[in-house]
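> just to be clear, the model below is a prediction. Sequence and coordinates:
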Amino acid sequence: MSELSQTKEKIFDTFVEMVSTLGYENVTTRDIAKRIGINAASIYYHFESKEKILEFAYSYYLQHQYDNRTPVQEAQNSLETAKADEIVPLLRYSFMSQDQKKYTRMILITKIIYMRIFQDPVAGKMFSESSADSVEYVASILRHGVDIGRISSDFDLTTFATLLVDSMMMMGVKAFARTDYNVGQLEQEEYICAMLTALISTALL
């Protein structure tokens, strides 16, 4: 965000904060300006419309959504010696970052996407493509396990990958409602991760 002026950055952050809480349709540029303490006309100097701020938020998400994801080759190498209870954490990733501002933005934009999946074709496409990409990411790592003889060739990689990704997203629906969330804080996470660990352990050779 270093390329943004201080005011433009403030408009963007206020937009994602308000929209993620109140909904896109319930927030106007006048509301944003009032929250910041600037003239509403000032917003149009930085963004042509409210729709353009949303587009900017989507672009920000696409640019940073995989920043914290372990590269496939690195994850595959780790899989070669990982124990069953180490594999699920290896396959999961989050937006957690030392950059708290970026972390908060990613959480709030994700929440906006989740809120708009069924009414905004762009959000729906982003969600489905992200899900498909994540499933392929997990499957490609596990496929390496099959290739080197660590994982049974009978194990349904795609089904397991889909289950893991879907569970991450379901946990995200709850977790992304709060900006102080850290991985492992939800009660369901321990149970779900234990279930996934039990499943993958049955496939290890």
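Arrived safely.
> any stretches of the protein with poor pLDDT?
1-4, 170-188 (pLDDT under 70).
> name the residues of stretch 107-118 that are buried.
107-116 (16 or more other C-beta atoms under 10 Å). Where you see a C-beta, it was placed from the backbone N, CA and C, and this is true even at glycine.
> and stretch 24-34, by the same measure?
24, 27, 29, 31-33.
> now secondary structure too, for those, in a markdown table please.
Shown next, in a markdown table, are those (DSSP: H, G, I helix; E, B strand; the rest coil):
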| residue | secondary structure |
| --- | --- |
| 24 | helix |
| 27 | coil |
| 29 | helix |
| 31 | helix |
| 32 | helix |
| 33 | helix |
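> between those, which is closest to residue 130?
Using C-beta to C-beta, residue 24 comes nearest to residue 130 of the buried residues of stretch 24-34, at 19.0 Å.
> wait, isn't the closest one in contact with residue 53?
No: here residue 24 does not reach residue 53: they are 9.9 Å apart, not a contact under C-beta atoms under 8 Å.
> residues shared between the contacts of those two?
Common contacts of residue 24 and residue 53 (C-beta atoms under 8 Å, 6 or more residues apart in numbering): none found.
> re the thing from before, which of the buried residues of stretch 24-34 lies closest to residue 205?
residue 24 (49.3 Å).
> longest helix anywhere in this protein?
Longest helix of the chain, by residue count under DSSP state H: helix 121-147.
> from the contact counts, what lies against it?
helix 50-64, helix 72-79, helix 84-91, helix 100-116, helix 157-175 (3 or more C-beta pairs under 8 Å, 6 or more residues apart in numbering; DSSP states H and E).
> report the angle between that helix and helix 72-79.
The directions of helix 121-147 and helix 72-79 differ by 40 degrees, with axes from the mean of the first three to the mean of the last three C-alpha atoms, to 10 degrees as the criterion.
> and helix 121-147, how far out from the chain's middle?
Chain-centre distance of helix 121-147: 12 Å, with C-alpha atoms, centre = their mean, to the nearest Å.
> also stretch 156-172?
Worked out by C-alpha atoms, centre = their mean, stretch 156-172 lies 13 Å from the chain centre.
> now stretch 41-54
With C-alpha atoms, centre = their mean, you get 25 Å for stretch 41-54.
> what residues sit buried inside it?
In stretch 41-54, counting by 16+ other C-beta under 10 Å, buried: 43, 46-47, 50, 53-54.
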